[in-house]
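Trainee: from the sequence below, what's the structure:
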Amino acid sequence: SLYAEPVQTLESALRLSPSVDIRERGAKGAQADISVRGGSFDQTMVLLNGIDFTDARTGHQSHSLPVDLDCISGVDLIDGVPGVGAYAGAVNIRTALLRPRYLRFEGSGGQYGYAYANLSGGVTDGGMTLFGAASYRRSDGYRHNTDFDTYNAYVRGTFQTRRAGLFDFQAGYQNRAFGSNGFYAAYNPEQWEHTSTALASLRWQQSVGRFTFGASASYRKNFDRYDWTRGTALKP
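Mentor: Now for the predicted structure:
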């Protein structure tokens, strides 16, 4: 697990690979772009347990995955062109239980109104595993209009039998709002953004002799509201 590493966010964990370039705006992963081997953020595929959850609209939001560090077992860098649009390569984030059975709570705080709370747990029983985590992170910001609020929720379950094969299900939700002082235009300190991401996938795999059969289905929905001037009222 990456929980033992000296990092606090997914973005910081990705920096552990020398081939991954993280261009982070704001603190604690408020907004970040992921680039691989000199490519751009729109040329990098982002996978979660082998499932492509790259944002089809903009690479600015591909990092918006609702997973916390205690769920992440490792990060794989995939060279070559693994799929459409992944000209620079791909990053695969793997999740797994910390231990066969556990329940843990973590909380921390700091300057500028920073607070973080995380509740996670997991269980293993025969061929079945189930684990999940939920967290909240917020700050008033280290300068004008750099505050943020982030909610994460994630669950993954696997079930394997000799006859039916492996079934792997995962789902998550993230809600994030943050002041974007100078994020997209250096001369405007009043920008603001609110994003929410819902995702889910189901994968099946079965080995028969020397052959392996598999199928998967996935879903991702992303909401993104950007205000040039914070507090702008939405028109009906």
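
Trainee: residue 202: how many residues sit nearby?
Mentor: A count of nearby residues for residue 202, using other Cβ atoms under 10 Å, gives 15. All C-beta spots, glycine's among them, are computed from the backbone N, C-alpha and C.

Trainee: what about it, which helix or strand?
Mentor: Assigned by DSSP states H and E, residue 202 belongs to strand 192-208.

Trainee: so which elements touch that strand?
Mentor: strand 165-179, strand 211-227 (3 or more Cβ pairs under 8 Å, 6 or more residues apart in numbering; DSSP states H and E).

Trainee: strands paired with the shortest one, and their directions?
Mentor: If I follow you right, that is strand 165-179. Note on strand 165-179: by DSSP bridges, its sheet partners are strand 148-161 (antiparallel), strand 192-208 (antiparallel).

Trainee: quick check: closest non-adjacent residue to the residue positioned nearest the centre of the chain.
Mentor: Centroid-nearest residue in the chain, with Cα atoms, centre = their mean: residue 65, separated by 2.1 Å. Spatial nearest neighbour of residue 65, excluding adjacent residues (Cβ to Cβ, 6 or more residues apart in numbering): residue 48 at 5.8 Å.

Trainee: pretty sure the one you found is in contact with residue 93, am I right?
Mentor: Yes: using Cβ atoms under 8 Å as the test, residue 48 is close enough to residue 93 to be in contact (5.3 Å).

Trainee: now do the shared contacts for the two.
Mentor: Residues touching both residue 48 and residue 93 (Cβ atoms under 8 Å, 6 or more residues apart in numbering): 65, 67.

Trainee: report the residue spans of the chain with pLDDT below the cut-off.
Mentor: Within the chain, the segments meeting pLDDT under 70 span 1-5, 40-42, 57-62, 80-87, 235-236.

Trainee: let me see the ranges of the helices in it.
Mentor: In the chain, the helices defined using DSSP state H lie at 10-14.

Trainee: now the farthest one out in it, which residue is it?
Mentor: Outermost in the chain, Cα atoms, centre = their mean: residue 209 at 35.5 Å.

Trainee: distance of that one relative to residue 163?
Mentor: With distances taken as Cβ to Cβ, to the nearest Å, residue 209 is found 14 Å from residue 163.

Trainee: ditto for residue 113
Mentor: Applying Cβ to Cβ to residue 113 and residue 163 gives a distance of 54 Å.

Trainee: higher neighbour count, these two?
Mentor: A direct count of neighbours by other Cβ under 10 Å for residue 113 and residue 163 places residue 113 higher, at 11 against 5.

Trainee: beta-bridge partners for residue 198, please?
Mentor: residue 173, residue 221.

Trainee: residues in contact with the residue nearest to residue 65?
Mentor: Residue 48 neighbours (Cβ under 8 Å, 6+ apart): 65, 67, 92-93, 95, 170, 199, 201.
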